[in-house]
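Peer 1: can you look at this prediction? I've put the sequence above it.
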Amino acid sequence: MQLADEIKKLIIDSLSLEDITVEDISNDTLLFDEQGLGLDSVDALELGLELQKKYGFSFDVEQHDLNTYFKSVQTLTDFVQEQINNK
């Protein structure tokens with residue numbers, strides 16, 4: 001499974017999104033936009049915690065512009081891949 005698909009599945013599972021599948025989410029899907037998944041700040045916190053648990057890194061809020069990384073599935077995938085590579 002590609003990292004982007006793993007992250008899509010993690011989004012669906014950790015946020016209990018019903019009636020949505022990995023195939024329904026494109027890599028360009030916006031996470032917080034109403035035209036996208038329409039997530040909110042609580043969802044971002046939950047998702048961030050799940051990403052940290054699954055991939056073994058932590059978010060340094062001062063070092064990272066989290067709004068940029070949490071913009072879309074692709075930007076989040078790129079960020080997670082960067083964190084994995086830097087471990």
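Peer 2: All right, it came through fine.
Peer 1: against residue 76, how distant is residue 26?
Peer 2: 13 Å (CB to CB, to the nearest Å). Every residue, glycine included, has its C-beta placed from N, CA and C.
Peer 1: let me redo that: residue 65
Peer 2: 13 Å.
Peer 1: quick one: the helices in the protein?
Peer 2: In the chain, helices defined by DSSP state H lie at 3-14, 41-55, 66-69, 73-85, listed in chain order.
Peer 1: tell me, how many residues neighbour residue 72?
Peer 2: By other CB atoms under 10 Å, the residues close to residue 72 number 20.
Peer 1: do you know the pLDDT at it?
Peer 2: Residue 72 is assigned 97 on the pLDDT scale.
Peer 1: try residue 61
Peer 2: Per-residue confidence (pLDDT) for residue 61: 65.
Peer 1: still on that earlier bit, residue 26 and residue 76: which has the busier surroundings?
Peer 2: Shown here are residue 26 and residue 76; by other CB under 10 Å, residue 76 has more neighbours (25 against 13).
Peer 1: show the contacting residues for the more buried one.
Peer 2: By CB atoms under 8 Å, 6 or more residues apart in numbering, the contact list for residue 76 reads 7, 31, 51, 69-70.
Peer 1: give me the lowest-pLDDT entry from the residues you listed.
Peer 2: Among the contacts of residue 76, residue 69 carries the weakest pLDDT, at 88.
Peer 1: ignoring the adjacent residues along the chain, who's closest to it?
Peer 2: residue 79 (3.9 Å; CB to CB, 6 or more residues apart in numbering).
Peer 1: distance-wise, check the one you found relative to residue 23.
Peer 2: 23 Å.
Peer 1: the two - which one has more neighbours?
Peer 2: Neighbour totals were compared for residue 79 and residue 23, and residue 79 leads with 21 against 8 (other CB under 10 Å).
Peer 1: tell me which residues are up against the helix or strand of the chain with the lowest mean pLDDT.
Peer 2: When each helix and strand of the chain is scored by mean pLDDT, DSSP states H and E, helix 66-69 comes last, with a mean of 82. Identification of contacts with helix 66-69 by CB under 8 Å, 6+ apart yields 44, 48, 59, 75-76, 78-79.
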